[in-house]
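>>> Task: produce atomic coordinates for the following.
(one chain, ligands or ions: 1)
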Amino acid sequence: MSLSAQAQEKKANVVVIGTGGTIAGAGASSVNTAAYQSAVVPVDKIIAAVPEISKIANVRGEQIFQIGSESFNDERLLKLGKRVSELLKQNDVDGIVITHGTDTIEETAYFLNLTLKSTKPVVVVGSMRPGTALGADGALNLYDAVLVASSKDAAGKGTLVVMNDEIHSGRDVTKTNSFKVETFRSPYGPLGYVVEGKLMFYRLPARPHTTQTEFDIDKINSLPRVDIAYN
Ligand code: GLU
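Numbers count the residues shown, from 1 in each chain. I've put the predicted structure just below:
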């Protein structure tokens, strides 16, 4: 086997599932950081815009939806979860990245954190600015997300959200601001950081997730209705 073939073999296989959001967004001009159309750029084009990714993993894209994340509903959440579960069972898949709108990234990440039955890394990622904007954050967020999804260090830590150089637990993370790139916060802080292609974990999730919970995405075909009475 040639050296380059050996190097190729060592790289993790990561599937990037596209669902839409600002990371798939485009604005009319480069100064449009807040006014733009989300969910228009196909996932393969988002991946191709970050050629550095091919040096760290064998990546392939899969477009499951092209929506703003406010359009997630039970049906879509279950479809996404079941597809992720199916991919995680394949020997030739080492990790999954899901590109997602930021408005409901925390709901999807928490849902997967509770229902997936695998220790392989699953990372949900988005961006606050479209790829067309000055200071666009999606390319680095995607690079970091693929790096985390490729890493054995990220295995067994539940579903993760990677944004703005930080690795958050899907259980903890919440969006706190509608335009700042540092919007994602966890009450107990991020689990770790990603800097220049290296990830560093500083703490572990202590609460049950994925393989430790009573919920199994493969066995869930509908979600119970829960009404909220605001007071
Ligand atoms: N509202 C859109 C969504 O959540 C765009 C916001 C974003 O991705 O930052 O998909």
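>>> from here on, contacts and neighbour counts on C-alpha atoms
Fine.
>>> got the residues of the protein near the ligand?
Residues of the chain found near the ligand (Cα under 6 Å from any ligand atom) are Gly21, Thr22, Ser38, Gly68, Ser69, Glu70, Gly101, Thr102, Asp103, Thr104, Ser127, Met128.
>>> OK, contacts around the fourth one?
Gly68 makes contacts with Gly20, Gly21, Thr22, Ser38, Ala39, Gly101, as judged by Cα atoms under 8 Å, 6 or more residues apart in numbering.
>>> Return the backbone torsion pair for the first one.
Backbone torsions for Gly20, taken as degrees, to the nearest 10, come to phi 120, psi -140.
>>> again with Ala57
According to degrees, to the nearest 10, Ala57 has phi -160, psi 160.
>>> That one: how many residues sit nearby?
24 (other Cα atoms under 10 Å).
>>> any weak-confidence spans in this structure?
1-9 (pLDDT under 70).
>>> can you give me the helices in it?
Ranges of helices in the chain, per DSSP state H, are 3-10, 43-48, 53-56, 74-88, 105-115, 138-150.
>>> what's near enough to touch Pro190?
Glu166, Ile167, His168, Ser169 are the contacts of Pro190 under Cα under 8 Å, 6+ apart.
>>> can you do 7 Å?
Shown in contact with Pro190 (Cα atoms under 7 Å, 6 or more residues apart in numbering): Glu166, Ile167, His168.
>>> show me what contacts the closest residue to Asp172 other than its chain neighbours?
Among residues not flanking Asp172 along the chain, Ser186 sits closest, at 5.1 Å (Cα to Cα, 6 or more residues apart in numbering). Ser186 sits next to His168, Asp172, Val173, Thr174 when contact means Cα under 7 Å, 6+ apart.
>>> Which one (most neighbours) among those?
Neighbour counts for the contacts of Ser186 (other Cα under 10 Å) peak at His168, which has 28 neighbours.
>>> Quick check: that residue vs the ligand, distance?
17 Å (Cα to the nearest ligand atom, to the nearest Å).
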